[in-house]
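**Student:** after the sequence you'll find the predicted model.
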There are 6 protein chains.
Amino acid sequence: MLRIVLPKGSLERQTLDLFEAADLAVTRSSDVDYRGAINDPRVDEVRILRPQEIPVYVAEGMFDLGVTGRDWIEETGAEVVSLGELQYSKVSAQPVRIVVAINRESSVERVEDLPQGVRVSTEYVALTRRFFEKKGIDADIRLSYGATEAKVPEIADCIVELTETGRALRAAGLKIIDSILTSHTELIANPIAYDDAAKRHAMAQLHTLLAGVLEARGRVLLKLNVSDEAFERVIALVPSMKSPTISKLFGSDGGYAVETVVPKETINVLIPMLKDAGATDLIELPIAKIVH
Amino acid sequence: MLRIVLPKGSLERQTLDLFEAADLAVTRSSDVDYRGAINDPRVDEVRILRPQEIPVYVAEGMFDLGVTGRDWIEETGAEVVSLGELQYSKVSAQPVRIVVAINRESSVERVEDLPQGVRVSTEYVALTRRFFEKKGIDADIRLSYGATEAKVPEIADCIVELTETGRALRAAGLKIIDSILTSHTELIANPIAYDDAAKRHAMAQLHTLLAGVLEARGRVLLKLNVSDEAFERVIALVPSMKSPTISKLFGSDGGYAVETVVPKETINVLIPMLKDAGATDLIELPIAKIVH
Amino acid sequence: MLRIVLPKGSLERQTLDLFEAADLAVTRSSDVDYRGAINDPRVDEVRILRPQEIPVYVAEGMFDLGVTGRDWIEETGAEVVSLGELQYSKVSAQPVRIVVAINRESSVERVEDLPQGVRVSTEYVALTRRFFEKKGIDADIRLSYGATEAKVPEIADCIVELTETGRALRAAGLKIIDSILTSHTELIANPIAYDDAAKRHAMAQLHTLLAGVLEARGRVLLKLNVSDEAFERVIALVPSMKSPTISKLFGSDGGYAVETVVPKETINVLIPMLKDAGATDLIELPIAKIVH
Amino acid sequence: MLRIVLPKGSLERQTLDLFEAADLAVTRSSDVDYRGAINDPRVDEVRILRPQEIPVYVAEGMFDLGVTGRDWIEETGAEVVSLGELQYSKVSAQPVRIVVAINRESSVERVEDLPQGVRVSTEYVALTRRFFEKKGIDADIRLSYGATEAKVPEIADCIVELTETGRALRAAGLKIIDSILTSHTELIANPIAYDDAAKRHAMAQLHTLLAGVLEARGRVLLKLNVSDEAFERVIALVPSMKSPTISKLFGSDGGYAVETVVPKETINVLIPMLKDAGATDLIELPIAKIVH
Amino acid sequence: MLRIVLPKGSLERQTLDLFEAADLAVTRSSDVDYRGAINDPRVDEVRILRPQEIPVYVAEGMFDLGVTGRDWIEETGAEVVSLGELQYSKVSAQPVRIVVAINRESSVERVEDLPQGVRVSTEYVALTRRFFEKKGIDADIRLSYGATEAKVPEIADCIVELTETGRALRAAGLKIIDSILTSHTELIANPIAYDDAAKRHAMAQLHTLLAGVLEARGRVLLKLNVSDEAFERVIALVPSMKSPTISKLFGSDGGYAVETVVPKETINVLIPMLKDAGATDLIELPIAKIVH
Amino acid sequence: MLRIVLPKGSLERQTLDLFEAADLAVTRSSDVDYRGAINDPRVDEVRILRPQEIPVYVAEGMFDLGVTGRDWIEETGAEVVSLGELQYSKVSAQPVRIVVAINRESSVERVEDLPQGVRVSTEYVALTRRFFEKKGIDADIRLSYGATEAKVPEIADCIVELTETGRALRAAGLKIIDSILTSHTELIANPIAYDDAAKRHAMAQLHTLLAGVLEARGRVLLKLNVSDEAFERVIALVPSMKSPTISKLFGSDGGYAVETVVPKETINVLIPMLKDAGATDLIELPIAKIVH
């Protein structure tokens, strides 16, 4: 029913891993094939194409659903519906930003102080043009095919470039003077397809599966035993999505078995606290998917 | 008690991974060692040898239990007991077939139309001889040491070869005109050992562990909460090996905790249905082994 | 609060993997960085340095807590508190030993029979000196920078060297005639920091998390169903950390759901026994952490 | 004196190898650095940038001399002087062509038969526009960011794409219906710099060194001895750049030593002919550079 | 004119390298293609097939010329003409032998002492049969598909196997008790084709080119200057294929320039001797091909 | 006759390559073997050991000849004879230095300004002690097992460390304030062996071969033709080790063939000059060895 387009290149591996973990594995005849398939009644067709082109293809209706970066949605100005971010990794995920950078030695500290006619090199020509127009600066903007940071100062005075940690920019002797956009990977839909109730329902179900995997990556299932005596102390420490599952332990010793979902990032603190409060036999299990 | 022989070569990695996952890890002094050991009271000795030779060694009683392909069981005509298939992967597993292939440009479409004296190249000389005899064709059959598909049409008119997807055959300009055998990896036993009650019991236990891992690869454990009100609707959707495990949730909100084993291939459809029916806090856990 | 030092080199990968699995991931700007950080309120600073130097740094109070080998604790004679061993792997873990080895062809079979003035090459000069003094042998001990086993017989008569399987020694034509020390990776603390109640509590909590991961590596969670009739037989076979978690199965068939933690190494025997005793629907789940 | 720009990406390795072989090695602080240097009095500065941008930078005078492909010279329409082709490899070098390709199943066989409004995907927007205008076809031309061949037929009806062997196009189910341009790597100069006599002399000298290496790759130095009697027969077979170097052999046997440069591709035929004609002691030496 | 067959597998890389060095480069559409071409008027067709099958194909006239090992020529008993050995490497080349090996612990030291009915595992069934018949031993010979050395003593009593250094046999606990054949790579021809004068001439020319490369691998061109005074002493030390090339040095100092081809393996001794004898300005040049 | 010791580790690859190029190839049973052999009448035995230990072994007479770094000769204070430097690479070879480095932020700029009791970490304990004693500073010097640069400022105030480009030091936030030693790879001899005339002659011959390869790496053989008319102009530009080899060209055109050895680093300037002066048919040949 749905035609889906996924991004080729730097996002490809993570996107395909996510779909597989969501039991929506994309099969291809080879790793470099641009056509794929998902064995799912809601999916008709899968294509893997450049993220730069995906917003336009989704907006024009060639595909119903796509995955791409916010940077290219803004650059193309394509009219699409965003179903939400796909935050592939809670741990390493720094926000990716499109920034304005110039020579570290320059005395300029703000975009507003750049001269008229400033030479700007960028892969985001439209975004950059709108940004400089709003600032009232008449910039000489040129499409960069890559190696953008290497062009300052001889070939360009200033660049507009994607950066995660800023390390490549610093290594090239540049400093960031402004930030145009923070970009995430997003799940986007064609507006007309989105208005179709059946398609929207299918999209929401796929989104649920994908989001379920992403949420599970940050959580574990914690199981523990606790005596009658320590029960209240321990239960007060237990977080849960809704409420913990509790059952009486078998045998004459009494006590309870408690089970709950816990964010990974708090577990290094929580487990010692639970143990201090009287919990025993704590075990932690990996989770594949969580759906609320 | 049991002497076991496992296949060297293309099946080696998967077979050893399966035994390890079944808590029957084969230890060797190095990756190229032909002798191994399993730390298990039921296993005396492990050898890793060519799959072509395994059926004969098991039939002759050099080993009690072996893993090899159906193709070589048929080719050798060895008298062994098959305990069942070991389907290493539910996802990618296309049946492997032994097929008859000829030049794509040939006008022949059926084996019956091949000429007397047809030159056939194959690694399966005995199987091929029986096949052509049954068809009434007097073929000039030659043992191939590899690269079989490259011999048509100059060196052979026709080949009998193993294929999974048929891609290598197509790439060599061939077309498939008949299929002789569908082959799986199998667990085989020596008939005399199999008649020994103690050995047969040990074999069945090992088979249970191996099959338990293979089944678990295709399933997950699904846990969910459900309110009293939605209970019947949700429970009607829940599949289970036997019946779901259900317990009352602790606390004043009421509701139930439900736990059940679900095939992975249905989960992309099932989870959205359960959620639509009122299930909450669904979590999916990976399973290492399932034994009925 | 705690300053931690971890070992660079052969123990590095496993140590960092253990800390990550314990939800104490060490982040570094690159894989070769000597400075790291753990996002945890109990940890102020992390450094990755040579295991040889770690005992002294911990003893002198540059760090509160460290991971290193028993060999270097003994060699340096550093005064540190050992919080316990970190046995990274139950499966492959042979004890690592510091041994005395000589030419295989030599007629000497005991250290006591080595001649006065024997030339000894070793990375463990202090350990070796103490050992030979105790044996009453006046040895000519020299610091080896590596390739120690290659020096016998031309450059040294005897070596004192670390070995796991003895394979490298055998390959060099040597035989082991004595063993000086069995070495494990240990978690060590500065004595003054250890006397500080708050720091000691923090150390114990970190130790709990690390040990919880190590224990989980050798165990699985086993879940099974059992009928009323078979209940006693099955439950008698079930091991548990404390006691199994048991609940009544929903529905008219009756029976129980049983859940228990089991050592991996016994499961190849236990599962068939449980099944023979009447257990059904056995499933085995991987565990990420166990805390008693 | 000269500022030089070299291509980053697929041509980078071969270009840098050529410069090194020409004793004009480009040194960089790392393999991903965009700035380099050549230790040569004629070269002031070296930059490594995208080949797409090089023609414009050379035309605008940011650099005096550059290496890039004819395809991007044409696409950008930049006004540069071409000093000649740099044919990196005589052996494998098929001409690289920019072609028009469509679905193999289409009945269209000529560009002229494509419909008005045909959707064209390409990295060469300007070249493609000029080509279709000349053909009188009003095409809907879109910039492709890659994977161009995967867009037919759903996303584009036709593509304009670089190809060497046509294999990728065939694998994507396309057929070539026209060829727009044959492209080679070229050495290009800024017109104003080229008009400066000193700079033009320096450019010619560098060109001489580069061309000398390229020519040497296809040739060897052949040395042979020949008796007085066979001299005329052999010498008639000897090709040479100018004339062979000949000297009398020392000693009473008489005869001559002959030395000449020979194209590699003819040597498999020439050596047996020379030997048949009476040449002896033939030896073949590799050549690093040839300058006429 | 000639149809050529080259060996796939362990000899493939070296054989193709040799043909390329001989200016007879084999071009293929990919590295795994079984069809190739040589751009040479004497060569019609090139196929790359298993060395085991090559002798029969050449004997039956499917190919005129082939490269394979002496072992398979003997095993198949194919009637072919051998044009000579191709000794790929003078340095590392130990003779490859087909040997008889048994358990190191066995008391048997000669083939003659093996018992009747001895179980023999081998890839060379025919060779082995002839060998044991000649020895008067009635052996139970079985085709081995590989891992032959791992079969002693449980599955076979004795093996007949190819070995270069004997290391794999020793590592498997075996000892060599006899040698059946010493095997080299050979250039072989079909007898009928070889009787055709034109084809035989073409074969000889190809053989000349191949042998020229092999010989050059072991030699260098040595050039030196020598004064009139030292001339006789130096020239007496100079080896040559025929006679050294000598010319008078230009200028008033007098002296001679001497040039000669020298085996690499003697040069470490020769150069110091020449220098001691008065030679100066010695330079050594690599040679690509030598034809006598 | 000579026992030779070569360095294991970072110098190993280059040292073995040099010996092979000098026709003194070291053969070993495997790449990690510490024993080797050279097929040369002057060499009895070859060992590959740590460079740190080599000076002492050579001084004590365990070996006659060794290759190691000047740094370890100085650190050990071993009494050896240096036969000369082995400059493995003319191109990249920056001198390797042992330097004193401190925190970049420190106000100290000279060693003399370091405080008494300064904590110094180094692999060169003896060298460092002598250096600081001479400066009159009472330093607390500790043996570093590696990662020395990571110890400033917490664990050490100052380090003494080997550096080539200084990049690792800068990256660790350090600055160099003094240089203790410039180190090269050297060929060293035992003094007693060196006093033996036969051994000294053998050492000199090996040295000649090794130096001959190193010199050849920086030179090429240049051959050119020149007319009678241009002869004087061209010959005036020609450099040579001794004098160029010149011979009359055969045929009626007259002219000369000139041959000479030229440093690689000047050839980019020389060839264009020669061509401008009238030289034609210039060819450049690689040289394997040069001996004066």
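**Tutor:** Okay, I see it. Residues are numbered from 1 along each chain as shown, chains lettered A, B, ... in the order given.
**Student:** hey, let's count contacts and neighbours off CA atoms from now on
**Tutor:** OK.
**Student:** can you tell me how far residue A:168 is from residue A:176?
**Tutor:** 11 Å (C-alpha to C-alpha, to the nearest Å).
**Student:** count the residues that sit near the residue of the stretch 151-292 of chain A found nearest chain D.
**Tutor:** Nearest to chain D in the stretch 151-292 of chain A, going by C-alpha to the nearest C-alpha, is residue A:155, at a distance of 7.3 Å. Other residues near residue A:155 number 15, with proximity taken as other C-alpha atoms under 10 Å in any protein chain shown.
**Student:** on that earlier part again, shared neighbours of residue A:168 and residue A:176, anything?
**Tutor:** Contact with both residue A:168 and residue A:176 is made by no residue, according to C-alpha atoms under 8 Å, 6 or more residues apart in numbering or on different chains.
**Student:** tell me what the longest strand along chain A is packed against?
**Tutor:** Taking DSSP state E as the criterion, chain A has its longest strand at strand A:174-183. Packed against strand A:174-183, as judged by 3 or more C-alpha pairs under 8 Å, 6 or more residues apart in numbering or on different chains; DSSP states H and E, are the following elements: helix A:70-76, strand A:96-103.
**Student:** kindly recompute the last result at 6 Å.
**Tutor:** strand A:96-103 (3 or more C-alpha pairs under 6 Å, 6 or more residues apart in numbering or on different chains; DSSP states H and E).
**Student:** please tell me how far the residue lying closest to residue A:53 once chain neighbours are set aside sits from chain C.
**Tutor:** Excluding its sequence neighbours, the residue lying closest to residue A:53 (C-alpha to C-alpha, 6 or more residues apart in numbering or on different chains) is residue D:145, at 7.3 Å. Between residue D:145 and chain C the distance is 31 Å, computed by C-alpha to the nearest C-alpha, to the nearest Å.
**Student:** repeat for residue A:213
**Tutor:** Residue A:213 is 18 Å from chain C, by C-alpha to the nearest C-alpha.
**Student:** what's the nearest residue to that residue if we skip its chain neighbours?
**Tutor:** residue A:289 is the one closest to residue A:213 (C-alpha to C-alpha, 6+ apart), at 4.5 Å.
**Student:** then residue A:281?
**Tutor:** Using C-alpha to C-alpha, 6+ apart, the closest residue to residue A:281 is residue C:292 (4.5 Å).
**Student:** count the residues that sit near that neighbour.
**Tutor:** By other C-alpha under 10 Å, neighbour count at residue C:292 equals 15.
**Student:** ok, now residue A:190?
**Tutor:** Around residue A:190 there are 24 residues (other C-alpha under 10 Å).
**Student:** that one against residue A:82, yeah?
**Tutor:** No: contact between residue A:190 and residue A:82 fails when scored by C-alpha atoms under 6 Å: they sit 9.1 Å apart.
**Student:** thinking again about what came up before, I'd guessed the residue nearest to residue A:281 sits against residue A:280; true?
**Tutor:** Yes: between residue C:292 and residue A:280 there is a contact under C-alpha under 6 Å: 5.1 Å.
**Student:** and stretch A:39-55, how far out from the chain middle?
**Tutor:** Remark: stretch A:39-55 is offset 17 Å from the chain centroid, using C-alpha atoms, centre = their mean, to the nearest Å.
**Student:** in stretch A:143-152, what's buried?
**Tutor:** A:144, A:146-152 (16 or more other C-alpha atoms under 10 Å in any protein chain shown).
**Student:** for stretch A:112-120, buried residues please.
**Tutor:** A:114, A:119-120.
**Student:** show the end-to-end separation of it, please.
**Tutor:** 14 Å.
**Student:** wait, does it make contact with chain D?
**Tutor:** No: Stretch A:112-120 lies out of reach of chain D by C-alpha under 6 Å from any C-alpha of the partner chain, never closer than 13.2 Å.
**Student:** run the chain-centre distance for that stretch.
**Tutor:** The mean C-alpha position of stretch A:112-120 is separated from the chain mean by 33 Å, C-alpha atoms, centre = their mean.
**Student:** related to what we said a few turns ago, tell me the one of the buried residues of stretch A:143-152 nearest residue B:73?
**Tutor:** residue A:146 (57.9 Å; C-alpha to C-alpha).
**Student:** so that closest one: helix, strand or coil?
**Tutor:** coil (DSSP: H, G, I helix; E, B strand; the rest coil).
**Student:** quick check: closest non-adjacent residue to it.
**Tutor:** The nearest residue in space to residue A:146 (C-alpha to C-alpha, 6+ apart) is residue D:50, at 6.6 Å.
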